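Undergrad: From the sequence below, what's the structure:
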Amino acid sequence: MEIKKIAIVHEWFTTIGGSENVVEQLLKIFPDAALYGVVDFLKAEDRAFLGKTEIRPTILQKFPFISQKNYRNYLAFMPLAIEQLDLKDYEIVISNCHAVSKGVITGPDQLHISYLHTPMRYAWDMQNAYLENSQAKGLRSLAARIMLHYIRIWDSLAASRPDVLIANSGFIARRIRKFYRRDSHVIYPPVDTDYFSPGGVRGDFYLAASRFVPYKRLDLIIEAFKNLPDKKLVIIGEGPDYQKLSRNLPGNITLMGYQPKEVLRDQMRRCKAFIFAAREDFGILPLEAQACGAPVIAFGQGGALETVRGQGTTKPTGLFFPSQTAAAIQEAIGEFEKLEISAQDCRENALKFSNQRFQKEFYESVEDSWNSFSRG
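TA: Residues are numbered from 1 along each chain as shown. Next up, the predicted model:
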């Protein structure tokens, strides 16, 4: 493909996660692309993945009192902010979206490709769970519901704007079809299988890692291990529920809080298995664990079904539990300890999701889309 002027539009730059890993790989595919974001609150030490590329934030960055701690409170203004981006000088616009970035406005001669991590969970099928967890009551609850009603209307409109939709999993492709009534094709997100690699000696502990937010269901994992005093559990992560979940823990459960990638990798290399209780859109962490040779015990819904080979398959890399309950996790652990799962099989499964694979598939998708688009 002849080099085109390309813009990449991300959501908010606040922390480093799976969505930011996609940005890193997009910049490797298209190193001269301009980079836009809703807001930019990244710390200096977290910017290495950007190379020399500068982030160009929306007008929301200049709103009074906005900060890394409260930017989510400005959700109602994000559709307006993303629509104000002036992208007329670019031939190809790539939005990396789990919220509003797909809503950028492009012209008839511009190709807009949107890589969708998910339709907005809090605006669609998980609205009630988010409102319940926010503990908003009375007028606050009513105001939140009205705002989300209008966000859904805008979100449906915004989903019609890209020329091409790419889903990050088959699970998300089905959600896109359900909520947006559009087809998409799947390109799995990148996993750094060069960095996450086997090493060290397996220990006698189980590992969980994620943000401490309700839908990750760390509470169920903790409850399960409270009932398994002879099994050790280590959890890495931080978030709003950290203090609540850290109270009155027995000695077999260790909360490490936030840890750098080096520590996460070390724990993945040494754990008996990685436990994943969320109904996740895709889930990078189970693949990073498998890249380190660790089996995965996962809830049997969502993206995990596409990234873990469960019991009964050829060369299994883990097993699934059928319901989000502590009892189901306990039963799965008991079943896991009767199995023999090869670290090499786990590693080989993860290699199918590598950075190199993502770069190749995404570039080819952009090239094919541009060729079709430019022919009219």
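Undergrad: how about His185, what does it touch?
TA: For His185, the contacting residues are Leu165, Ile166, Ala167, Ala173, Ser365, by CB atoms under 8 Å, 6 or more residues apart in numbering. For the C-beta atoms, the positions are set from N, CA and C on the backbone; glycine is no exception.
Undergrad: For those residues, which single residue is the most surrounded?
TA: Neighbour counts for the contacts of His185 peak at Ala167, which has 26 neighbours (criterion: other CB atoms under 10 Å).
Undergrad: For that residue, give me its contacts.
TA: Taking CB under 8 Å, 6+ apart, one finds Leu116, Ala173, Ile176, Ser184, His185, Val186, Ile187 in contact with Ala167.
Undergrad: Of all pairs in those residues, which one is the farthest apart?
TA: The largest separation in the contacts of Ala167, counting by CB to CB, is between Ile176 and Ile187 at 13.2 Å.
Undergrad: Go through the contacts of Ala167 and say which is closest to Phe358.
TA: Distance to Phe358 across those (CB to CB) is lowest for Ile187, with 6.8 Å.
Undergrad: Next up, the contacts around that closest one.
TA: Contacts for Ile187 were tallied using CB under 8 Å, 6+ apart; they are Tyr115, Ile166, Ala167, Asn168, Phe358, Glu361, Phe362, Ser365.
Undergrad: Could you rerun that using 10 Å?
TA: Going by CB atoms under 10 Å, 6 or more residues apart in numbering, Ile187 touches 22, 115, 166-169, 357-358, 360-362, 364-365.
Undergrad: Ala298 and Glu331: what is the separation?
TA: Relative to Glu331, Ala298 is positioned 14 Å away (criterion: CB to CB, to the nearest Å).
Undergrad: now Arg56
TA: Note on Arg56: its distance to Glu331, by CB to CB, is 51 Å.
Undergrad: Confirm Phe373 sits in a helix?
TA: Yes - using DSSP: H, G, I helix; E, B strand; the rest coil, the assignment for Phe373 is a helix.
Undergrad: shared neighbours of Ile176 and Ile187, anything?
TA: Between them, Ile176 and Ile187 have Ile166, Ala167 as joint contacts when contacts are counted by CB under 10 Å, 6+ apart.
Undergrad: re earlier: turn the contacts of Ala167 into TSV, columns for pLDDT and distance to Asp125.
TA: Compiled in TSV, those are given as follows (pLDDT from 0 to 100; distance: CB to CB, whole Å):
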residue	pLDDT	distance to Asp125
Leu116	97	15
Ala173	96	15
Ile176	96	12
Ser184	98	17
His185	97	22
Val186	97	20
Ile187	97	23
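Undergrad: Which member of the residues you listed is positioned nearest Glu288?
TA: Minimum separation from Glu288 among the contacts of Ala167 (CB to CB) is found for Ile187, which lies at 18.2 Å.
Undergrad: Which stretches in this protein count as helices?
TA: Listed in chain order, the helices found in the chain under DSSP state H are 18-29, 78-83, 127-134, 138-158, 170-180, 218-226, 242-245, 261-270, 284-291, 304-307, 326-336, 343-351, 355-374.
Undergrad: Include distance to Val234 when you put these into a markdown table, please.
TA: Rendered in a markdown table, the data for those read as follows (distance: least, CB to CB, whole Å):
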| stretch | distance to Val234 |
| --- | --- |
| helix 18-29 | 21 |
| helix 78-83 | 36 |
| helix 127-134 | 25 |
| helix 138-158 | 36 |
| helix 170-180 | 28 |
| helix 218-226 | 10 |
| helix 242-245 | 14 |
| helix 261-270 | 6 |
| helix 284-291 | 12 |
| helix 304-307 | 20 |
| helix 326-336 | 14 |
| helix 343-351 | 18 |
| helix 355-374 | 27 |
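Undergrad: and among those helices, the most buried is which?
TA: With neighbours defined as mean count of other CB atoms under 10 Å, those peak in mean count at helix 284-291, which reaches a mean of 28.
Undergrad: Check the offset of it from the chain's centre.
TA: 12 Å (CA atoms, centre = their mean, to the nearest Å).
Undergrad: Can I get it as CSV, trimmed to CA atoms?
TA: Below are the C-alpha coordinates for helix 284-291, written out as CSV (Å, rounded to 0.1, in the frame of the first residue of the first chain):
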residue,chain,number,x,y,z
ILE,A,284,-5.1,-10.1,27.6
LEU,A,285,-3.9,-11.4,31.0
PRO,A,286,-4.9,-15.1,30.4
LEU,A,287,-2.8,-15.1,27.2
GLU,A,288,0.1,-13.4,28.9
ALA,A,289,0.0,-16.1,31.6
GLN,A,290,-0.1,-18.8,28.9
ALA,A,291,2.8,-17.2,27.2
